[in-house]
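Enquirer: Need a 3D model of the following:
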Amino acid sequence: MELRHLEHFVAVAEQKHFTRAAEAMSISQSGLSASIRALERELRASLFVRNTRSVELTEAGRALLCEGRRTLAAAEAAKDAVAAVQGLLRGHLTVGLEQCLGVVDVPALLAKFRSAYPGVEIEVRQGGSTPMLDELASGRLDVAFVATAGDPVEGLDLRPLSRESMVLVCAPDHRLANARAVRLDDLAGESFVDFDPTWGARAISDRAFNAFGVAHPVTIEVNDVHTLLALVAHNLGVALVPERIAAKRGDHITVPLAPGSAADWQVSVAVPAGTAASLAADALIGMLPTTAVH
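Expert: Sure thing, here's the model as predicted:
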């Protein structure tokens with residue numbers, strides 16, 4: 001099986017379109033189609049269901065996609081290993097990042113990395129921590145800065161950078177604004193402003209309310225910290241957020257949670273476990289302050 005055939009297959013699977021995949025791979029569409037046909041002949045299986053608008057993976061295609069990504073990642077790692085022996089670092093580094101983590105100045109870190117290793121192409125993808133961890137496990141990311149409750153994730157190595165408590169934020173005239181601390185059952189009947197379900201803070205909140213058997217109706221869902229705090233300040237709902245987010249400027253009130261109400265919010269740098277991490281990812285992590293990675 002040729003690596004270029006796998007590369008073409010993964011491109012079509014991700015783009016779900018032959019023309020877009022051909023453009024992304026800088027290859028003619030006829031050449032791409034021939035490559036896919038050659039792979040299908042070798043595997044004696046159809047990999048795509050084709051129609052006039054898009055293509056979808058068959059069951060065989062879905063099985064190949066995960067292993068194909070791993071194979072391509074391993075091939076890149078092998079090239080990097082040879083380059084490292086020669087005193088070089090080359091290749092590609094794909095970094096995942098949930099926004100507003102605030103623990104590490106990631107742009108400054110990437111600038112430092114690029115200065116040290118100009119031969120490495122850097123790609124950054126921003127999104128929620130849940131899909132970031134999935135992409136890391138599947139080989140689509142090399143390293144990710146994520147927020148979780150700190151639970152182990154199979155196949156991944158999460159190296160903590162910081163840990164802090166969740167707190168309640170509410171409007172100044174909210175009934176709980178002057179409370180010394182609140183329990184989750186104190187929030188029964190409230191409406192909530194919260195982040196997308198893929199964000200680490202949202203996952204912690206959902207799990208906490210579920211564990212206490214308290215409803216957590218999210219009536220306003222946002223992907224921006226400042227918007228969330230502004231909505232809360234106007235009494236359009238309350239929210240549970242990490243202390244770091246609650247400390248941002250705004251007209252909201254911060255109230256501590258009673259001990260044991262919710263898991264801590266842990267920011268980690270995550271890589272594949274064992275020897276699967278790329279040399280570029282290891283080099284990037286090595287540039288973090290020594291006090292940051294526990």
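Enquirer: In stretch 217-229, which residues are buried?
Expert: Val218, Val222, Val225, Leu228, Leu229 (16 or more other CB atoms under 10 Å). Every C-beta, even on glycine, is put in place using the N, C-alpha and C of the backbone.
Enquirer: Please name the bridge partners of the first one.
Expert: What that stands for is Val218. Phe192 (DSSP bridges).
Enquirer: of all the buried residues of stretch 217-229, which comes closest to Pro131?
Expert: Comparing the buried residues of stretch 217-229 against Pro131 with CB to CB places Val222 closest, at 17.5 Å.
Enquirer: pLDDT wise, what is that closest one at?
Expert: If you check Val222, the pLDDT there is 96.
Enquirer: Name the nearest residue to it, ignoring sequence neighbours.
Expert: Leu228 (5.0 Å; CB to CB, 6 or more residues apart in numbering).
Enquirer: can you check Gly91 too?
Expert: Residue nearest to Gly91 in three dimensions, not counting chain neighbours: Asp80, with 5.0 Å by CB to CB, 6+ apart.
Enquirer: can I assume the one you found is in contact with Arg90?
Expert: Yes. Assessed by CB atoms under 8 Å, Asp80 is found in contact with Arg90 at 6.8 Å.
Enquirer: Just give the number of residues close to Gly260.
Expert: When neighbours are counted by other CB atoms under 10 Å, Gly260 registers 11.
Enquirer: Am I right that it is in a strand?
Expert: No. Gly260 is assigned coil when assessed by DSSP: H, G, I helix; E, B strand; the rest coil, not a strand.
Enquirer: Give me the contact list for the helix or strand containing the residue nearest to Val222.
Expert: Per DSSP states H and E: Leu228 is located in helix 225-233. Defining contact as CB atoms under 8 Å, 6 or more residues apart in numbering, one finds that helix 225-233 is touched by 99-100, 169-172, 193-195, 220, 222, 237-239, 241, 245, 248, 250-252.
Enquirer: Can you show me the CA trace of that helix as CSV?
Expert: Provided in CSV are the C-alpha atoms of helix 225-233 (Å, rounded to 0.1, in the frame of the first residue of the first chain):
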residue,chain,number,x,y,z
VAL,A,225,-16.4,34.6,27.6
HIS,A,226,-17.1,38.3,27.5
THR,A,227,-20.5,37.7,26.0
LEU,A,228,-21.4,35.2,28.7
LEU,A,229,-20.4,37.6,31.5
ALA,A,230,-22.4,40.5,29.9
LEU,A,231,-25.5,38.3,29.6
VAL,A,232,-25.2,37.2,33.2
ALA,A,233,-24.7,40.8,34.4
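Enquirer: Give me the average confidence score over it.
Expert: 97.
Enquirer: Over to stretch 151-158?
Expert: In the prediction, stretch 151-158 has an average pLDDT of 92.
Enquirer: Stretch 258-268 now?
Expert: Regarding stretch 258-268, the rounded mean pLDDT is 94.
Enquirer: Only C-alpha atoms, please: export that stretch in CSV.
Expert: Extracted in CSV, the C-alpha atoms of stretch 258-268 (Å, rounded to 0.1, in the frame of the first residue of the first chain):
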residue,chain,number,x,y,z
ALA,A,258,-19.9,25.1,48.5
PRO,A,259,-17.1,22.5,48.8
GLY,A,260,-17.6,19.4,46.7
SER,A,261,-20.2,21.0,44.4
ALA,A,262,-18.2,20.6,41.2
ALA,A,263,-14.9,19.3,39.9
ASP,A,264,-12.0,21.7,39.5
TRP,A,265,-11.2,23.1,36.1
GLN,A,266,-7.9,21.8,35.0
VAL,A,267,-5.9,23.2,32.1
SER,A,268,-3.5,20.7,30.6
